[in-house]
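*Asks:* Take a look and give me a structure for this.
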Amino acid sequence: MAAKVETRPDGLGFLASTFMVVPMSDAIASDAPIESDTPPPQPTAAKTKAAGALSGALVDADDHMDVAITVGYFQDEKPTLVSDLRAAIAEETGTHPEQLRMVLRGAKHRDMTKRGLTDFTLHDTEPLMDWHLDDTEVLVEVKKKQRAGKSLHRPGNGWFKIKKGGRTCTMNIAGAIVKQMIFSKANQYSVTVEEPRIFPLIMELCDHYCADAVVLAAADADALPAEAEAHGFSVEADGDTGVTKLVSAQRRLTVVSERDDPDFSKDMLQGTEDPDLEKLPAVVHVPEEAVGSKLIFVLGGDVLRETGSLTKVIRSLRHPSGELLTVFHLVTSTRHKLHLPSLGFVVRMRDRFGCDIPQLPGALLDRVLPRPAETASGPC
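*Replies:* The predicted model follows:
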């Protein structure tokens, strides 16, 4: 069996051409020795017919012989696999075996159920004796894999640039890393709630989990301090850091919001904002007093400037024991009706990072969760 090669090396030194292995002519056969392997003691009919070797020569475009290739049908009484032929061709051509794609054309399969097929993609685990390779019309086409396409002539270049679902492979890899490192440490839920029910629902969930909470607020949080103060909370706000502390005898709520990154504004913009830049990078400050909280509530997530704000909160509250946090995305019914689903923060989290965020009906929570008056008077 001979191989015809059209040499067209690329800049990386690999064969970028297509070469084919075809049955040997008499002239080539006289120069290329044929090896024979001893068949096993009780060979089958198929093994007896294929007991010789698959032998040929590697020739250039002008049919000048370059090097001979001989592969036995059996090696150490074991059938020779396609991977062995692939390795032999790769060794003589200077390519890597995994870069070669081999297609058998015009051959008959020894399996009667596959006799209607003439073209087969050869796989490494298949033995060569599965086909009649001694026919004159048999053709083995061998090509170098080119994930980037023929125009670039650089394997792999472009595979990381092609966008699938609006994202490149590099973006998907980055999203998988963030999910594994950050979002796998928290259980997330989405709840649609009426705006007057935001603070009561937060308190009911805190009482249910017997835990303090951090509220990441981008919207719908203006009324929280007044409502908390009406329920006996002390309110301490810090406008510079965007932190509002709501503390009572039994519960602590820490409301955090995004602020412009001062380092970016100073270093990149020399202290003045670029009018053409709509949004500056944002930072979130999580005070030390909030460490130990087990609940996170996200308000107005669809207008958060950065997903990194939520990752910062999760990282700051992550427990060394590995205990999972619980994140509730509270979406008011008004914002839910005005904004398209594709613009929602929860949808982006599912799409970009593969987060599993089931939706909980607010009406069901109202029936299940106990009212603050129904809970025990003492702390959890």
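*Asks:* quick one: Leu304 and Val298, what's the gap?
*Replies:* Distance, Leu304 to Val298, using C-beta to C-beta, to the nearest Å: 8 Å. (C-beta placed from N, C-alpha, C; glycine too.)
*Asks:* Now for the two: what residues contact both?
*Replies:* Jointly contacting Leu304 and Val298 under the rule C-beta atoms under 8 Å, 6 or more residues apart in numbering are 216, 310, 345.
*Asks:* Hmm, the first one is touching Val256, no?
*Replies:* What it means is Leu216. Yes - counting by C-beta atoms under 8 Å, Val256 is a contact partner of Leu216 at 5.8 Å.
*Asks:* Please enumerate the shared neighbours of the two.
*Replies:* Counting by C-beta under 8 Å, 6+ apart, the contacts common to Leu216 and Val256 are 284, 313.
*Asks:* how close does the nearest residue to Lys185 once chain neighbours are set aside sit to Val82?
*Replies:* Nearest residue to Lys185, sequence neighbours excluded (C-beta to C-beta, 6 or more residues apart in numbering): Arg318, at 5.5 Å. Distance, Arg318 to Val82, by C-beta to C-beta: 49 Å.
*Asks:* For those two, indicate the residue with more neighbours.
*Replies:* It is Val82, of Arg318 and Val82, that has more neighbours when counted by other C-beta atoms under 10 Å, with 20 against 16.
*Asks:* So the nearest residue to the more buried one once chain neighbours are set aside versus Pro97, what's the distance?
*Replies:* Nearest residue to Val82, sequence neighbours excluded (C-beta to C-beta, 6+ apart): Leu122, at 4.5 Å. Separation of Leu122 from Pro97 (C-beta to C-beta) stands at 12 Å.
*Asks:* Show me whatever sits in contact with both of these two.
*Replies:* Residues touching both Leu122 and Pro97 by C-beta under 8 Å, 6+ apart: Arg86.
*Asks:* of the two, who's got more company?
*Replies:* Higher neighbour count among Leu122 and Pro97: Leu122, with 21 against 15, using other C-beta under 10 Å.
*Asks:* got the residue ranges for the helices in this structure?
*Replies:* Counting by DSSP state H, the chain has helices at residues 26-31, 45-49, 82-93, 169-181, 198-209, 224-230, 262-267, 308-317, 333-338, 345-353, 362-368.
*Asks:* Reformat those helices into CSV and put mean pLDDT next to each item.
*Replies:* Formatted as CSV, those follow (pLDDT from 0 to 100):
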stretch, mean pLDDT
helix 26-31, 33
helix 45-49, 31
helix 82-93, 82
helix 169-181, 87
helix 198-209, 91
helix 224-230, 90
helix 262-267, 61
helix 308-317, 91
helix 333-338, 58
helix 345-353, 86
helix 362-368, 77
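*Asks:* Of all those, which one is nearest Lys144?
*Replies:* Nearest to Lys144, of all the helices of the chain, is helix 82-93, at 8.8 Å by C-beta to C-beta.
*Asks:* what domains does the record give for this protein?
*Replies:* For the chain, automatic domain parsing gives the domain ranges 2-144, 169-374.
*Asks:* And those domains, which one averages the lowest pLDDT?
*Replies:* When the domains of the chain are compared on mean pLDDT, domain 2-144 scores lowest, with a mean of 60.
*Asks:* Now do the strands for the stretch 151-300 of the chain: every range, in order, please.
*Replies:* 186-193, 213-217, 234-238, 243-247, 252-256, 259-260, 282-283, 295-299 (DSSP state E, counting those that start in this stretch).
*Asks:* any idea which of those strands is most buried?
*Replies:* strand 213-217 (a mean of 25; mean count of other C-beta atoms under 10 Å).
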